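A.B. asks: no sequence on this one, just coordinates:
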């Protein structure tokens, strides 16, 4: 036989908060879960830093250069992967289809780089260029 139990307002509020937190955690885990099996999709790209000269002139070009950088891959504000560009500036990371943000990992001050949004489509690698501002003026 079921007997009702009287709860105080504080106990009910704590139970409700615990339920909401559990639901949020479960939803977040489900949103970031990758399908099983090999991935034929993801992001590839290049990281370039510039300017690399204090004064750029038409007769003396000063192209952006490849840059090594750590990159965090976020989906729905959750970290789902990490990667790094090589000495040639190139990187590649396998990901299931979806919307992602590539967040460059840099210290405070120059150089700086904004996050880059990218959509990964099934069976394709999206290409992005991450531009790092050297701070040279």
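C.D. replies: Looks like it came in fine. Just so it is clear, the model here is predicted, and its values are computed rather than measured.
A.B. asks: Bridged to the spatially closest residue to residue 105 that is not a sequence neighbour, which residues?
C.D. replies: In space, and not counting its chain neighbours, residue 105 is closest to residue 70: 4.0 Å by CB to CB, 6 or more residues apart in numbering. Heads up, the C-betas are built off the backbone N, CA and C, glycines and all. Listed beta-bridge partners, residue 70: residue 84, residue 105 (assigned using DSSP bridges).
A.B. asks: any idea where the helices of this structure begin and end?
C.D. replies: Ranges of helices in the chain, per DSSP state H, are 9-32.
A.B. asks: Show me which positions of stretch 55-68 end up buried.
C.D. replies: Of all the residues in stretch 55-68, those buried under the rule 16 or more other CB atoms under 10 Å are 64, 67.
A.B. asks: now it, how far from the centre of its chain.
C.D. replies: Distance of stretch 55-68 from its chain centroid, counting by CA atoms, centre = their mean, to the nearest Å, is 28 Å.
A.B. asks: now do stretch 109-122
C.D. replies: 7 Å.
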